[in-house]
Structure formats: structure tokens, C-alpha cells
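Give me the fold of what follows.
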Amino acid sequence: MEIKRIAILTLGVGAGNSRASQAIHQALHDGADNVEARTIDVLDFAEPWFLRFYLYPYWLTIKRVPWVRRKFFEWRYRKRLRRVAPDWLFRHGCRSVLARLQSFLPHLVVVTEPCAARLAVVGRRDGWFDAPILAAQTDFCTEPIWVRDEIDVHCVGSEEAKRQMISWGVSANRILYCGVPIDPSFALSFDRVELRRAVGLHPNRPVVLVMGGGIGLAPLDAIIQSLEVCRHPIQVIAVAGRNRTLRERLESLRGQVALDLHVFGWTDSVPELMGAADLLVTKPGGVTASEALAAGVPMILTSPVPGMEESHLKFLVNQGVGLAAKELQEIPALVSGLLDDSKRREALILRARELARPDAAYVVAQVARALLEKATYIELLAAPSPASGETAYLM
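Numbers count the residues shown, from 1 in each chain. Next up, the predicted model:
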């Protein structure tokens, strides 16, 4: 039996792309003895100067001058720019990444982030590997940087993203609406009372989950402080991720705020935490929002990163699965309003279930296997997109 090697190439800045890649990795191995998947994070192997030149300015503008980041995103979107840096930057700054791809000899490369996609395109063009490229996007909207002739198939997060790709000249036969890849355990049904007890929460008091600031882009401490004026005796769960400084700041709030506050760092129990929550306050990252849709937890969306997350916020609000808080001061009123209005909260939950694609990672894995097994992917791409509420499996 021939082992098929699949490389998953990502850039794990923030937790979203890493979680999506991990979900695809797991899905590729489930029930497939002839597949060997390997995840390669550009962040782990790129040259330090590449990260300083390519990545650090991105974070600096977001934190210091977000309006510059917004204008740059709008400009490259309006101009339909397919690249924002020369190929030589990737060719020399990520040579170790390309060498790892070459030694792995992949039969297929899956990319989950635009920089990783660009690197894969350069790598195949320069002869580091000879295999199809599958792009698994982790956003509800998309941008022209994904439009590359060398990418064989695009798995996108929404019908809106598919329409955008088509408008930029990508053949509809190369685009599949699969959803954003997530761990399917977010869609599991939990006994909320028992789950809350297990987490150390009161079983009958409302629970608000606050997350999205693991790399310091959402002011979780300010959000928590704002919740003091909520009309309900809420319990607050705060997830700081791997940001130790943020976790220490959140821990210091206990005893200072009139809230029942529970602080977590990095945890694999986010599906359970969402299952225990009545509401989620978060910035609108594609992966986190997709997990919330699968869990059926209403979202209050705030502090979007300029650019794509602002597009996400509009998309999610227009889809009727979340509410927008333009200012932090609006959050307590939105929380209180949803806790008071069970019908509105149930409507958000119902719509979230309709829009959710908890099997997205397995759909992407199935597309990947089909690309490996077929001499041509014309038959694969002829399959219709699923209707709302139907499974997206192709075979």
C-alpha cells in the first residue's frame, strides 16, 4: 500500500490558523491508513530577518496605527493586488521551510494562510516539490492575494467568499464551499448543568465567555471590567491563551471587580467552555467565530483587527448570528439585553446552527484525498455545493 504524503503549510500567528491546520491534520488521518500528514509552520523555520521584515511591521501597524493597516488592506483589495512582497523575499527568507517540503516529498500541499500559500506557489514554481496545491481558507470573506494560477483547488469558508473569488477571475469549477476548518467536537451536545459544575461554575447563573485576546489584540481586561455594570449576576470565563502577561492581568482582576471571574490560559477545553456559556464576547476571527457557530453560542463581536476581521464582523451581523459592539461601553447593555430576551437569543442560536459547518475539516480532508486519487479533478469539482443544513461531503 502506497503511503500518500500530505504537507499542511501554515503561518501560526495567533491560534486560529494553527487550530484549523490541526483539525485538517486530524481529519486526514482519521480512517485513512495510507495517509501521512505533516504540518509545517513557517513561523518555526523562517529566517529571523524574514519575520522582522515581513511579519513584525504587520503587528506593529495593527497595535500602534490601526488606521494605516485598514487603509493598506482597502488599497490592496481595491487594486486587486495578488502579492504585497517580491518572490525573492520568500525564496531566501523561507529556504529552510522549502527544504523541509522538498525532503518530505509531498503528493499534495495544503495551505491555510496567505503567506503560506504564496510560499507554496514559489516552491512549486522553483522545483522544490511537484504536487497539487489545495488552499483551505480560514475566513468567511477572502482577498485577491489568494488568486494564484498555481493553486489547484480553493476550499472557502462561505458562499460570499466563493462569489468574491469568481469575481476576480477564478473558475467556479476550482472553488468549493466547505466552511472554515474546525474541530468537530464544538458541535457536540453537552449537559450544561453538569458541565458548569465540572468547570466550577454555578449551574443556574448566566455565563459569559470572553476570549480572542491571546496575542493581545482584544482588550480582555477592559471588556471584563465593563461587564461589572451588567444587570445580571453573571459568571465570566476569560481565556488568555498562551499570553502569560495577559493571564496575569486577568488574574489580578479577581477580587477587584464585582464579578464571579474564572481565568484560563491555554486550554484544550474550549468546546466545553463554549458549551457552558450563554454568550460569547470575542473579536471576529474566522476560526473562533466558526467554532461558536458550531457550538450554537450567540456572539457579541468587538475589537476587530483592521481589514479582514472588519469584513467578518459585517458578514456575521448580516447573517444574524451576532451583535456588534463598536465601543466597549456597549457590551454590558448588549449582554443584558440578550439575557433578558430569550426569544432573540434563541433566534441567534438557530441561525448559528444553520450557518455552521462543523464537518468542514473532514470535507477539506475528503477533497484532499480525492485530489490524490484522481488523475484529474474535473469530476471532483463538478459536485454541487451543499444547500444550507446539508452535509458537504462529496462522496
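
Which parts of the stretch 251-395 of the chain are strands?
Ranges of strands in the stretch 251-395 of the chain, per DSSP state E, counting those that start in this stretch, are 260-264, 279-282, 299-301, 322-324.

With mean neighbour count as extra columns, can I get those strands in JSON lines?
All C-beta atoms are positioned from the backbone trio N, CA, C, and that covers glycine. Converted to JSON lines, the strands of the stretch 251-395 of the chain look like this (neighbours: other Cβ atoms under 10 Å):
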{"stretch": "strand 260-264", "mean neighbour count": "19"}
{"stretch": "strand 279-282", "mean neighbour count": "26"}
{"stretch": "strand 299-301", "mean neighbour count": "24"}
{"stretch": "strand 322-324", "mean neighbour count": "21"}
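
Lys63 is nearest to which of those?
strand 279-282 (18.3 Å; Cβ to Cβ).

Which elements pack onto that closest one?
In terms of contacts (3 or more Cβ pairs under 8 Å, 6 or more residues apart in numbering; DSSP states H and E), strand 279-282 is packed against strand 207-210, helix 286-295, strand 299-301, helix 331-340.

ok, it: who's next to it in the sheet?
strand 207-210 (parallel), strand 299-301 (parallel) (DSSP bridges).

which one of the helices and strands packed on strand 279-282 lies closest to Gln22?
helix 286-295 (10.5 Å).

what mean pLDDT does that closest one have?
Averaging pLDDT along helix 286-295 gives 97.

And that helix, how far out from the chain middle?
Helix 286-295 sits 8 Å away from the centroid of its parent chain (Cα atoms, centre = their mean, to the nearest Å).

just the CA coordinates of that helix, formatted as CSV?
C-alpha atoms of helix 286-295 as CSV (Å, rounded to 0.1, in the frame of the first residue of the first chain):
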residue,chain,number,x,y,z
GLY,A,286,-12.7,33.4,11.3
VAL,A,287,-11.9,30.2,13.3
THR,A,288,-13.2,31.4,16.7
ALA,A,289,-16.5,32.5,15.1
SER,A,290,-16.8,29.2,13.2
GLU,A,291,-16.3,27.3,16.5
ALA,A,292,-19.0,29.5,18.1
LEU,A,293,-21.4,28.8,15.2
ALA,A,294,-20.9,25.0,15.7
ALA,A,295,-21.4,25.4,19.4
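
still on that earlier bit, distance to Phe190 added to the helices and strands packed on strand 279-282, as JSON lines?
Supplementary listing: those in JSON lines, determined by distance: least, Cβ to Cβ, whole Å:
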{"stretch": "strand 207-210", "distance to Phe190": "12"}
{"stretch": "helix 286-295", "distance to Phe190": "9"}
{"stretch": "strand 299-301", "distance to Phe190": "18"}
{"stretch": "helix 331-340", "distance to Phe190": "20"}
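
Ok, which of those comes nearest Glu248?
Glu248 sits nearest to strand 207-210 of all the helices and strands packed on strand 279-282, at 16.0 Å, using Cβ to Cβ.

who touches that closest one?
Strand 207-210 has contacts (Cβ atoms under 8 Å, 6 or more residues apart in numbering) with 196, 201, 220, 223-224, 227, 230, 234-239, 273-274, 276-282, 297, 335.

Same check on stretch 64-77?
For stretch 64-77, the surrounding residues in contact (Cβ under 8 Å, 6+ apart) are Tyr58, Thr61, Ile62, Val84, Glu143, Pro144, Ile145, Val305, Pro306, Gly307, Met308, Glu310.

Quickly list the domain ranges of the chain.
The record's domain parsing of the chain by automatic domain parsing lists 4-182+358-381, 187-355.

now do the same end-to-end measure for the last one.
This means domain 187-355. Using Cα to Cα, to the nearest Å, one end of domain 187-355 lies 12 Å from the other.

Just give the nearest non-adjacent residue to the residue nearest to the spatial centre of the chain, would you?
Central residue check for the chain by Cα atoms, centre = their mean: the C-alpha nearest the mean position is that of Val287, 2.3 Å away. In space, not counting the residues next to it along the chain, Val287 is nearest to Gly16; the distance is 3.6 Å by Cβ to Cβ, 6 or more residues apart in numbering.

what number of residues lie near Trp128?
A count of neighbours around Trp128, defined by other Cβ atoms under 10 Å, yields 19.

For it, which three-state class applies?
Three-state assignment for Trp128 (DSSP: H, G, I helix; E, B strand; the rest coil): coil.

any idea how far Val13 is from it?
Separation of Trp128 from Val13 (Cβ to Cβ, to the nearest Å): 23 Å.

now Ala277
26 Å.

Those two: which has the busier surroundings?
Ala277 (27 against 18).

wait, the more buried one sits on Met299?
No: contact criterion Cβ atoms under 8 Å: Ala277 and Met299 do not qualify, at 10.3 Å.
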